[in-house]
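Visitor: Okay, sequence plus prediction incoming.
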Amino acid sequence: MANVIKITKGLDINLKGKAAAQVSAAQASKIYGLVPDAFWGMKPKVVVKEGDEVKAGDALFVNKLHPEVKFVSPVAGKVTLVERGDRRKVLSVQVEAAAQQAYVDFGKKNVSGLNGEQVKNALLESGMFGFFIQRPYAVVANPDDAPKGIFVSAIADMPLAADIDVVMKGNEADFQTGISALAKIAKVYLGVKPGSSLANTKDAEVTVFSGKCPAGNVGVQINHVNPINKGEVVWTIGAEEVVFIGRLFNKGVVDMTRTIAVAGSEIKSPEYKTVLVGAKIADIVAGNVATDKKVRLIDGNPLTGQKASEESFLMAHSTEVTAIPEGDDANELFGWIAPRFNEFSVSRSYLSWLMPKSKEYTLDARVKGGHRHMIFSGEYDSVFPMDIYPEQLVKAIIAGDIDRMEALGIYEVAPEDFAVAEFVDSSKVELQRIVREGLDMLRKENE
Amino acid sequence: MKPTFTEGGKLSAFGSLFDAAETFFYVPNETAKPRGAQIHDAIDSKRSIFFVIIAMIPAILFGMWNIGYQHYTILGEESTLICNFLYGLGIFLPKMIVSYAVGLGIEIAVAQWKKEEVHEGFFVTGMLIPMIVPVNCPLWILAVATAFAVIFAKEVFGGTGMNIFNPALVTRAFLFFAYPAMMSGDKVWVNGSYMDSINGTIDGVSAATPLGQLAAGEPVTYDAMDTIIGTIPGSIGETSFIAIMIGAVILVWAGIASWKIILGTFVGGAAMAYLLPYAGAENFEWWEQLTVGGFAFGAVFMATDPVTSPRTEGGKWIFGLLIGAMAIIIRVLNPGFPEGMMLAILLMNVFAPLFDYFFVQANINKRAKRAAK
């Protein structure tokens, strides 16, 4: 029987517009785009020219620091644009989809006959390796490292997140193949929610996590199962990306088809869509976004995702597209004393604690307060289920104190682990940005 | 209207004031950055801080009534509830206005100079100050003390959130050390008329506080019920144990003050009062130490200041326990200071980072040990 860990700290935010468990295919995009920014910590070197014909699985760009780590096209077609921004930074590589899809043939393989090196090479060759995120630093993994473990979280508990049960339906065999393949590289740790059918997954150490958000964060799970020490490296990968790897071995092709949640209070009919990584957001939400007010589209969930537009492309790691009101025209009066029945708060100075747990909230994108120095203590701590002092760590980062960051455990965290803390913070500190900067600072210092 | 007050506008010198007024009326419309949390909890520091003021209201209302009650009692005159209250209002209101005018004036000037938003922290400090000074403290001294505290206890450290000492307590400490004649005696807690003080007949209308009587070794003339209800002489906000506890319930329930600090302070104080043989006196039980003077007020409204108390949960326990114990030690063992709460809290403010250090260092050591294995 799998080990059960109960997470006591955390916060579930019950937002309106959860996706109904029905899946349909999103309309096909004309243009697909692979966004290098989705693979943080990597310097893209574009290896195609505009006008080139590519198949699904052909590299579009590689990591300049590790050219063997490729990032491949989700579709077959013609490269139409290498979009660049300031200082020639690559924003996206865009491919116009061909009418007839063609795939690079990587060859079906039986995972049980392969060794770790062969699996790793297959992943590098097919571009699947780029989905690994390593800790420390929460950046694209380095193939030269020998990770002490590969962690997969099969729990999605961020607000409006896609339910793993829906996402995994029909993909169970590919998921198992993917896990078995990863187990050849390093020990695989799988976190599942109570009662999940994935608890029977073979070739992995399965741990059941029960508790509130962010119990589903892989960082929280690592901290409880096998915390990272200085000098150690672990890799993490999303559950659905394990399915991609399974498909690679079972079918011999790169198939980055995801089932994502299209959700949020401003989505007319929230549901699941099957899409390819890199699809245009406009095609995913087509005709499904409320038009009566200003809406903020988010690539990802409202806590860790980022602001998107209809023109942007679905980022590689995103498991949902959400829409919330922008709210910048709210002009709400006397927020410091008015009862504000429709606002959600962990503070009992609002009435949301009196409301039934099932009440769903429509939260807009406002910060809802002035930026302050950290005034109230214990706020982060109550929603940060790791054996780390979050406030002290953030202060060490702000001060740029590298030794103290290390001592306080920065190697174990990723920005997403601070997402709930950023939500509850009454001083409105941008915790995820600060942690990201701290990780980048430390990486620069150490490499 | 806004452009007039922004950089380069005609009235940009009042930009901070305009911002303060605007955020007072409206929730800022600022939306989340493209990266990071896209939604936020509705709580902000402004709301938390105004809930602290709400929690003080019972103590303020009772305090105002009590000023009048003590005044008319000592004069031997009959008085009504309204009369008592209005008399107290007449004493309290000018102090509050002076405290806010001086403190906020300095805060706004500094914010404008640093081109920052005015922080709301002073709303609590400015309300606390009139509650903890002697009833007949002259307004000009109050203004000097407030200015001293805001400038030297707060702004030089970087403003709200960065200060080491509780600014309201620094105001009181300033009065205590700079104008000892105003503070140390036991004769200043009931307001006579100004004519009396000019004519030097104030002696005729003085009353001793329970702590003053204890310090002087006299029998205490108030019974326990008086100290719990609060019909005793003392600072405006501190006398009523019941009113303060109503505030404590509001603060703890709203999750604004740490119950660990409040409980810790009472436990520490009770333990010390029980152990010290001198804590009780004639007609005075050991536990009455917790209901007289500024003990309860300090535990609920002063020690719990989130900025000057420890940040770790374990640190909060130690902080509270030591404040309680230290306050009673100063009261009982030091004949010079009848009241020890102010000094105990200020002292522990200094040690708050040390208490945190123990807990954070334990976490660091644990991690280092794990890595070395």
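Guide: Cool, got the structure. Note that the structure is predicted; figures quoted are calculated from it, not measured.
Visitor: Flag every residue of the stretch 1-150 of chain A that's near chain B.
Guide: Neighbours of chain B within the stretch 1-150 of chain A, by C-beta under 8 Å from any C-beta of the partner chain: A:13, A:15. Backbone N, C-alpha and C define where each C-beta goes, glycine included.
Visitor: Which parts of the stretch 1-150 of chain A are helices?
Guide: For the stretch 1-150 of chain A, applying DSSP state H, counting those that start in this stretch gives helices covering A:116-126.
Visitor: Could you list the low-pLDDT ranges of chain B?
Guide: B:1-13, B:181-208, B:216, B:278-283 (pLDDT under 70).
Visitor: Where is the longest helix in it?
Guide: Using DSSP state H, we find that the single longest helix of chain B is helix B:81-114.
Visitor: Are that helix and chain A in contact anywhere?
Guide: No. Helix B:81-114 is not in contact with chain A by C-beta under 8 Å from any C-beta; minimum separation 11.4 Å.
Visitor: Report the buried residues of that helix.
Guide: B:83-85, B:87-89, B:91-92, B:95-96, B:98-100, B:102-104, B:106-108, B:110-112 (16 or more other C-beta atoms under 10 Å in any protein chain shown).
Visitor: Please state the offset of it from the chain centre?
Guide: Helix B:81-114 sits 14 Å away from the centroid of its parent chain (C-alpha atoms, centre = their mean, to the nearest Å).
Visitor: Likewise for stretch B:290-304?
Guide: The answer for stretch B:290-304 is 8 Å, by C-alpha atoms, centre = their mean.
Visitor: so which residue of the stretch 1-150 of chain B comes closest to chain A?
Guide: In the stretch 1-150 of chain B, the residue that lies nearest chain A is residue B:44 (2.5 Å; C-beta to the nearest C-beta).
Visitor: Next one: that residue from residue B:21, what distance?
Guide: Remark: distance between residue B:44 and residue B:21 (C-beta to C-beta, to the nearest Å) = 16 Å.
Visitor: returning to what we had before: next structured bit after the longest helix of chain B?
Guide: Counting by DSSP states H and E, the next helix or strand C-terminal to helix B:81-114 is helix B:122-132.
Visitor: residues in contact with stretch A:421-430?
Guide: When contacts are defined by C-beta atoms under 8 Å, 6 or more residues apart in numbering or on different chains, stretch A:421-430 is touched by residues A:11, A:13, A:303, A:346-347, A:367-376, A:379-380, A:382-384, A:390, A:394, A:431-432, B:33, B:36-37, B:39-41, B:43-45, B:47-48, B:161.
Visitor: Quick check: residue A:332 vs chain B, distance?
Guide: Taking C-beta to the nearest C-beta, to the nearest Å as the measure, residue A:332 and chain B are separated by 4 Å.
Visitor: what's that residue in contact with, if anything?
Guide: Going by C-beta under 8 Å, 6+ apart, residue A:332 touches A:338, A:340, B:26, B:27.
Visitor: One more: residue A:74?
Guide: Residue A:74 is in contact with A:32, A:34, A:56, A:95, A:254, A:256, A:276, A:277, A:278, counting by C-beta under 8 Å, 6+ apart.
Visitor: got it, and residue A:206?
Guide: Taking C-beta under 8 Å, 6+ apart, one finds A:2, A:3, A:190, A:191, A:192, A:198, A:199 in contact with residue A:206.
Visitor: If any of the residues you listed are buried, put those into a ChimeraX selection.
Guide: Selecting only the buried entries of the contacts of residue A:206 in ChimeraX, with 16+ other C-beta under 10 Å as the criterion:
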select /A:2,190,191,192,198,199
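Visitor: which one among the contacts of residue A:206 gets closest to chain B?
Guide: Comparing the contacts of residue A:206 against chain B with C-beta to the nearest C-beta places residue A:3 closest, at 19.0 Å.
Visitor: wait, doesn't that closest one sit right on residue A:208?
Guide: Yes. Using C-beta atoms under 8 Å, residue A:3 is in contact with residue A:208, at 6.9 Å.
Visitor: what separates the nearest residue to residue A:223 once chain neighbours are set aside from residue B:373, distance-wise?
Guide: Distances taken as C-beta to C-beta, 6 or more residues apart in numbering or on different chains place residue A:386 nearest to residue A:223, at 4.2 Å, with adjacent residues excluded. As judged by C-beta to C-beta, residue A:386 and residue B:373 stand 19 Å apart.
Visitor: So which of those two has more stuff around it?
Guide: Comparing residue A:386 with residue B:373 by other C-beta atoms under 10 Å in any protein chain shown, the one with more neighbours is residue A:386, at 22 against 5.
Visitor: my guess is the more buried one meets residue A:225, correct?
Guide: No. Counting by C-beta under 8 Å, residue A:386 stays clear of residue A:225, with 11.7 Å between them.
Visitor: Tell me which residues of stretch A:103-111 come out buried.
Guide: A:103, A:104, A:106, A:109, A:111.
Visitor: quick one: which of the contacts of residue A:332 is most hemmed in?
Guide: Highest neighbour count within the contacts of residue A:332, by other C-beta under 10 Å: residue B:27, with 26 neighbours.
Visitor: Pull the contacting residues for that residue.
Guide: A:330, A:332, A:333, A:335, A:366, A:368, A:369.
Visitor: Can you get me a residue count around residue 141?
Guide: Since no chain was named, I'll use chain A. 26.
Visitor: actually chain B
Guide: For residue B:141, the neighbour count with other C-beta under 10 Å is 18.
Visitor: do the same with residue A:350
Guide: By the measure other C-beta under 10 Å, the count of residues near residue A:350 is 22.
Visitor: Also the one 10 residues further on?
Guide: When neighbours are counted by other C-beta under 10 Å, residue A:360 registers 13.
Visitor: The closest residue to it other than its chain neighbours and residue A:94, how far apart?
Guide: The shortest distance from residue A:360 to any non-neighbouring residue, by C-beta to C-beta, 6+ apart, is to residue A:16 (4.0 Å). Note on residue A:16: its distance to residue A:94, by C-beta to C-beta, is 34 Å.
Visitor: and residue 32, what does it touch?
Guide: Picking chain A for this. With C-beta under 8 Å, 6+ apart, residue A:32 has these contacts: A:73, A:74, A:75, A:77, A:94, A:95, A:97, A:276, A:278, A:279, A:280, A:313.
Visitor: My question was about chain B, not that one.
Guide: Each residue near residue B:32 by C-beta under 8 Å, 6+ apart is listed here: A:307, A:365, A:366, A:367, B:38, B:39, B:40.
Visitor: ok, so of these, who is nearest residue B:314?
Guide: Closest to residue B:314 out of the contacts of residue B:32 is residue B:40 (28.8 Å), distances taken as C-beta to C-beta.
Visitor: where's the closest one, which helix or strand?
Guide: Per DSSP H and E, there is no helix or strand for residue B:40.
Visitor: That one is in contact with residue A:364, isn't it?
Guide: No. With contact defined as C-beta under 8 Å, residue B:40 does not count as touching residue A:364 (9.3 Å).
Visitor: State the phi and psi torsions of the residue of the stretch 51-200 of chain A found nearest chain B.
Guide: Nearest residue of the stretch 51-200 of chain A to chain B (C-beta to the nearest C-beta) works out as residue A:159 at 7.6 Å. Residue A:159 adopts backbone torsions of phi -60, psi 130, taken as degrees, to the nearest 10.
Visitor: Run a quick neighbour tally on the closest residue to chain B within chain A.
Guide: Closest to chain B within chain A is residue A:369: 2.5 Å, counting by C-beta to the nearest C-beta. Neighbourhood size, residue A:369 [other C-beta under 10 Å]: 25.
Visitor: ok, so what distance separates the closest residue to residue B:247 other than its chain neighbours from residue B:128?
Guide: Nearest residue to residue B:247, sequence neighbours excluded (C-beta to C-beta, 6+ apart): residue B:55, at 3.9 Å. Note on residue B:55: its distance to residue B:128, by C-beta to C-beta, is 11 Å.
Visitor: And residue B:235, by the same measure?
Guide: 10 Å.
Visitor: Who has more neighbours out of the two?
Guide: Between residue B:235 and residue B:128, counting by other C-beta under 10 Å, residue B:128 is the more crowded of the two (26 against 22).
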